[in-house]
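Participant: Next comes the sequence, and after it the predicted model I'd like to discuss.
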Amino acid sequence: MQSSVHNQDNLHVAIIMDGNGRWATTKGLPRTSGHFAGIAALRGVVKAAPGMGVATLSVYAFSSDNWRRPASEVAALMDLFRFYLVRDLTPLVEASVKLVAIGRRDRLSDELAKLIAHAEAVTARGTRLTLRLAIDYSSRDAILGAVAACRPPPTREELAQQLAGNSVPADVDLLIRTGGEKRLSDFLLWEAAYAELYFTDRLWPDFRAHDLALALGDFRARDRRFGGLSTTAGQPTASADHDRASRAPASAP
């Protein structure tokens, strides 16, 4: 399912929340302090996003490759996820936020997997924002799994639905990466095929609502041609399949 060419609201924004460890290191703190500060940044963005026209927010919390990090850091991250799912559950319900986790669950502890399932069930009626939390996530693995689950070979729409799972199978409109790196790191490769890309040097713990507003302002100023020609009188020329066309990424201050 693709969002309207003309619609500037009901957006799907994805964020690669990068820079937690570097943020802590520059302050002489343990890397785990940076991850904890990243939770505070996420709270602020989740609170602000619906008022800025964002309907779906997908955030990269822990990639499948992150298992390669030191065992102590991985354990601290798992503790942090448990903390978030307990501490923030009531605020998410009160804010009408629907939480959906994407990624593998078989490598998570039974306790964490149960907390995720509980949070999804409790927030299932949220209508203001869908928050997709990617934990033990690999886009390549997700695509392979979705194809394997479909028989006969799926259509684009069927594959998109399989990848989305319990959330709306909407293409990513804007993908933001903090921390200065300029790569996708195996995040939502199918869904972000025609996403606009926005890179900022801001480390994730320092990312605030006004940074999100800057990114969305940049996004809304772009000419999204969806495979067609440039806009004429403000109306884009549609392509045969309405694919989104990506442009050169912009950098935030």
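Facilitator: Arrived safely, thanks for sending. Residues are numbered from 1 along each chain as shown.
Participant: any idea where the helices of the protein begin and end?
Facilitator: 20-26, 31-48, 71-87, 89-94, 110-122, 139-149, 156-164, 209-220 (DSSP state H).
Participant: Now distance to Gly227 too, for those helices, in TSV please.
Facilitator: Heads up, the C-betas are built off the backbone N, CA and C, glycines and all. Shown next, in TSV, are the helices of the chain (distance: least, CB to CB, whole Å):
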stretch	distance to Gly227
helix 20-26	36
helix 31-48	30
helix 71-87	38
helix 89-94	37
helix 110-122	35
helix 139-149	21
helix 156-164	14
helix 209-220	18
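Participant: between these, which has the poorest average model confidence?
Facilitator: Of all those, the minimum mean pLDDT falls on helix 156-164 (a mean of 87).
Participant: Just tell me which of the helices of the chain ends up closest to Arg177.
Facilitator: Comparing the helices of the chain against Arg177 with CB to CB, the closest turns out to be helix 209-220 (10.3 Å).
Participant: right, so of the helices of the chain, which gets closest to Gly179?
Facilitator: helix 20-26 (6.8 Å).
Participant: Now do the contacts for the most centrally placed residue in the chain.
Facilitator: Geometric centre of the chain, nearest residue: Ser58, 2.2 Å, by CA atoms, centre = their mean. Contacts for Ser58 (CB atoms under 8 Å, 6 or more residues apart in numbering) come out as 12-15, 102, 132, 134, 172, 188, 191.
Participant: Nearest to Thr155 among the residues you listed?
Facilitator: Nearest member of the contacts of Ser58 to Thr155, counting by CB to CB, is Glu191, at 15.7 Å.
Participant: count of neighbours near the closest one?
Facilitator: Neighbour count for Glu191, taken as other CB atoms under 10 Å: 24.
Participant: just Gly145 next, same as before
Facilitator: 14.
Participant: separation between it and Leu212?
Facilitator: Using CB to CB, to the nearest Å, Gly145 is found at 31 Å from Leu212.
Participant: ditto for Ala134
Facilitator: 18 Å.
Participant: Mind checking which of the two has more residues around it?
Facilitator: Counted by other CB under 10 Å, Ala134 and Leu212 do not tie: Ala134 has more neighbours, with 25 against 21.
Participant: Looking at that one now. What's its pLDDT?
Facilitator: Looking at Ala134, its pLDDT is 97.
Participant: could you dump the contacts of Ser58 to CSV with distance to Gln161?
Facilitator: Shown next, in CSV, are these (distance: CB to CB, whole Å):
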residue, distance to Gln161
His12, 15
Val13, 20
Ala14, 18
Ile15, 23
Ile102, 13
Arg132, 14
Ala134, 18
Val172, 15
Leu188, 15
Glu191, 12
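Participant: Tell me which two in the residues you listed are the farthest apart.
Facilitator: For these, and using CB to CB, no pair is farther apart than Val13 and Ile102, which are 14.9 Å apart.
Participant: Same drill for those two, tell me which one is more crowded.
Facilitator: Between Val13 and Ile102, counted using other CB under 10 Å, Val13 has the larger neighbour count: 26 against 22.
Participant: Kind regards, and thank you for your time.
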